[in-house]
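A.B. asks: This is the structure alone, sequence omitted:
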């Protein structure tokens, strides 16, 4: 090694052993600004260091930030010193500006079953992520703003040490600790621009968070049942609960400021629509401040100065006072508060898991901070129809499995009857039991999210005994499903708008040849759809980059929804790298660009590990980049470059490469990048010193090699090459990644390629270059009246622009005084020399060398198994074909033994994304 490793290791160990400070709370992911967990939050106006205040502590320009995108994001933090019944708060702040800050989630209950006892639960410095028994995973909403110098803050309010019933956060007697994480946020288009956009707490929630502020009032009526009024402050609604409604004895009820009927009657503030003999014991009334209630009215309500006017059916009037009984979850005021969590650190209970959950998103992982999820999909079609006839009901099901839960997302189009249930069917061989989700009581059955328990099904992952099919059943007496679909592991994108409402989803799967197949459904957007595209998440100071336009696949439906069968081919290494990095998004843009709801998007989930562990059936264009001593070195120093690289050999044997590394030291540089065969350098991709991107400390390299040697092609197809990135600190061994075995893409259809792009066949075109195509492709030439398209005799004639024995090529489609257009097929392989007779010797010669490569012809069976069928279904069928046992020992994924080296690398990358110390992830089930 070029770096002296052991002194650094010894220093890190000594630093850890000499730390004795008390611990409390610390971010694990995103990366905390400080590794200490004992930062103390001082009240405003107090003296001493404001450790949890970023007002005067603007980080340096090269400080490390985590790049975040608007939308749901799962944070991970750990409690390093146990405080029973002590809640948490997550907020977003901006360095140098305390005029605004946004509470993203408040009154987060404590896990009283947490335990900080353990060798690796380090309180200050050294290791983070080791507090296995006191880890929390909390999903918050990242607002749609631009902020280059923001920080997230988790605040731990120690109510167990408070002297009273409440702990006011800005009170000297309220002890609180914090942890901060530097973040950059890039708004979507049109996006909002500052923290003032997210000041309204309700806008930062994904539905009814159970722990929002509420006041409980009691009203006593002489000789009658009492009335309870729950004022949900955040949602601006009053809930009136009494048995009087069911008994049918109330003629009239309102909230007013009258004390009896002897005064001059004023209009009631709110009048309830009372129904005789109602079957419900609760009425819910929403109000608008300034219309139904003034701020003064709300103050009078809390002060006990308003009354409830009740008129019974026998003509009696009552004007009892509305008396505040208690207040819960007030902003800035905290009481002892706890709730059940799973053993891994996710909120549990019926409020978060189940068909009646009010806040299911809290149990769904949305970032690399959470444990690895497994994503399964189903493309649903009518029971008696296997093709996509869009006049009939169709649907998309996505299921996110994590820990012991399954989050089911569904989008349906063309429904003609109400539904009863979604049934995930287990195998005939025995194994995973059916999983039935009851949906008959849902308000909207066309699009929904439900979190359910899946602990009985998850143990059968990666076997033929796992769930195999999805069936949708109607509410009618019809015993047969109305829609069915195969259930397979794939990629999922849940599409949401700025208001966080789900409007659709897309599901994707690979063929064995790398084609990307999918289905997209969108419904309920605010305006006609202008475009649907896939884009990559860029750096915060750069525009997002559209990589796929999907409009041509979409079919509008009579109900206003969109339905599209997606077949995408020919992607390069950047596409696959961004997919495996979790940086691909599906975006829906409407025509109403001035509205808040004009841009909808959803992140595409990262492909599962089995794509890279199944050599026989998988599709894996990526590899992990790391140093030979990475795990030990990174654990004790907190840095060491690591990342992913992606490689593609396209249909004409062009080799594409993309390398993404992070974790560099501030002054570290990349010195060279090589492709190695053993220890021998075969190709140098970069030989000049390159600086690391400031702030993110990321190195990225992308390129292609169109004319590589037959020797290199042989090595690529055998999987014997490595890529090596050397840095100013790692000068000898470098950061290494094994290039996976590559095969030329063989499933693409013949193409028509326009030479010169939009400029055409012209000496002014900058896009004229040597070209490679596949036998059967056709070239199109668009040219001016002074140009032509000539096929020259050979290379010598081409170099001298000698048109002896040459001939015009192409079938003329259009010829006028100003422009000609020809198409020319190339049915045979070989090398061809093409030029324009009038511009062959111009300053920028109009000429090109064309290489036509053999087209590989395959049987229909090969085309089906490699080009059409998904890799998951091919794998599953192969396992069923060779399955013989009845003892419950299932066949595991093909090629696991062969893929162990790749798997270990994927496991390492997963641990990096999940802050190393996760301990539990989907990959471990192999």
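C.D. replies: Nice, thanks for sending it over. Note that the structure is predicted; figures quoted are calculated from it, not measured.

A.B. asks: residue nearest the centroid of the chain?
C.D. replies: residue 603 (3.8 Å; Cα atoms, centre = their mean).

A.B. asks: Just the element for that residue, please.
C.D. replies: According to DSSP states H and E, residue 603 maps onto strand 599-603.

A.B. asks: elements contacting that strand?
C.D. replies: strand 491-496, strand 502-510, strand 584-590 (3 or more Cβ pairs under 8 Å, 6 or more residues apart in numbering; DSSP states H and E). For the C-beta atoms, the positions are set from N, CA and C on the backbone; glycine is no exception.

A.B. asks: could you redo the last one with a cut-off of 7 Å?
C.D. replies: Other elements packing on strand 599-603 under the criterion 3 or more Cβ pairs under 7 Å, 6 or more residues apart in numbering; DSSP states H and E are strand 491-496, strand 584-590.

A.B. asks: Tell me which helix or strand comes right after that strand.
C.D. replies: helix 610-613.

A.B. asks: which element follows that following helix toward the C-terminus?
C.D. replies: Per DSSP H and E, the first helix or strand lying C-terminal to helix 610-613 is strand 622-625.

A.B. asks: The stretch 101-250 of the chain: helices as residue ranges?
C.D. replies: Using DSSP state H, counting those that start in this stretch, the helices of the stretch 101-250 of the chain run over 244-247.

A.B. asks: Kindly report the same for the chain.
C.D. replies: Remark: helices assigned in the chain by DSSP state H are 5-17, 244-247, 295-302, 573-580, 610-613, 630-637, 710-718, 795-800, 860-863, 871-882, 900-913.

A.B. asks: tell me the mean pLDDT for the first one?
C.D. replies: Mean pLDDT, computed over helix 5-17, is 34.

A.B. asks: And stretch 791-809, by the same measure?
C.D. replies: The model assigns stretch 791-809 a mean pLDDT of 94.

A.B. asks: what does it contact?
C.D. replies: Stretch 791-809 is contacted from outside by 788-790, 824, 832-835, 837, 840-841, 847, using Cβ atoms under 7 Å, 6 or more residues apart in numbering.

A.B. asks: Those residues in strands, which ones?
C.D. replies: The members of those that map onto strands under DSSP state E are 790, 824, 832-835, 847.

A.B. asks: where's the dip in pLDDT among those residues?
C.D. replies: residue 824 (87).

A.B. asks: Just give the nearest non-adjacent residue to that residue, would you?
C.D. replies: residue 810 (3.9 Å; Cβ to Cβ, 6 or more residues apart in numbering).

A.B. asks: Show the contacting residues for residue 604.
C.D. replies: Residues in contact with residue 604, defined by Cβ under 7 Å, 6+ apart, are 491, 493, 508, 579, 584-586.

A.B. asks: go again using 10 Å as the cut-off
C.D. replies: 375, 491-494, 506-508, 518, 534, 578-579, 582-586 (Cβ atoms under 10 Å, 6 or more residues apart in numbering).

A.B. asks: What of residue 833?
C.D. replies: 790-799, 806, 847-850.

A.B. asks: Look up the closest residue to it, ignoring the ones flanking it.
C.D. replies: residue 798 (3.6 Å).

A.B. asks: since we're on that neighbour, how many residues are nearby?
C.D. replies: 22 (other Cβ atoms under 10 Å).

A.B. asks: What separation is there between the residue nearest to residue 824 and residue 100?
C.D. replies: 64 Å (Cβ to Cβ, to the nearest Å).

A.B. asks: Pick out whichever of the two has more residues nearby.
C.D. replies: The neighbour comparison of residue 810 against residue 100 (other Cβ under 10 Å) goes to residue 810, with 19 against 14.

A.B. asks: Provide the partner residues of residue 531 in its beta bridges.
C.D. replies: As for beta bridges, residue 531 partners with residue 589 under DSSP bridges.

A.B. asks: cool, and residue 686?
C.D. replies: Beta-bridge partners for residue 686, by DSSP bridges, are residue 673.

A.B. asks: Now for it: which residues touch it?
C.D. replies: Neighbour list for residue 686: 659, 670-674, 701, 703, 725-726 [criterion: Cβ under 10 Å, 6+ apart].

A.B. asks: returning to what we had before: which one of the ones in strands among the contacts of stretch 791-809 is nearest residue 133?
C.D. replies: residue 832 (69.1 Å; Cβ to Cβ).

A.B. asks: pretty sure that closest one is touching residue 825, no?
C.D. replies: No. Contact criterion Cβ atoms under 10 Å: residue 832 and residue 825 do not qualify, at 11.9 Å.

A.B. asks: Residues that sit against both of the two, list them.
C.D. replies: Both residue 832 and residue 825 are in contact with 779, 809, where contact means Cβ under 10 Å, 6+ apart.

A.B. asks: Between these two, point out the one with more neighbours.
C.D. replies: The neighbour count for residue 832 versus residue 825, taken as other Cβ under 10 Å, is higher for residue 832 (20 against 15).

A.B. asks: So for that one, what's the nearest residue that isn't a sequence neighbour?
C.D. replies: Nearest to residue 832 is residue 850, by Cβ to Cβ, 6+ apart, at 4.3 Å.

A.B. asks: so that neighbour sits right up against residue 779, yeah?
C.D. replies: Yes. Proximity of residue 850 to residue 779 meets the contact threshold set by Cβ under 10 Å, at 7.5 Å.

A.B. asks: So between those two, which is more surrounded?
C.D. replies: The residue with more neighbours, out of residue 850 and residue 779, is residue 779; 25 against 19, by other Cβ under 10 Å.

A.B. asks: Across the sheet, point out what pairs with the more buried one.
C.D. replies: With DSSP bridges as the criterion, residue 779 is bridged to residue 753, residue 824.

A.B. asks: so how far is residue 569 from it?
C.D. replies: Where residue 569 is concerned, residue 779 sits at a distance of 19 Å (Cβ to Cβ).

A.B. asks: and what of residue 449?
C.D. replies: 32 Å.

A.B. asks: nearest to residue 443, of the contacts of residue 833?
C.D. replies: Of all the contacts of residue 833, residue 443 sits closest to residue 850, with 60.5 Å by Cβ to Cβ.

A.B. asks: Model confidence score at that closest one, please.
C.D. replies: At residue 850, pLDDT is 93.
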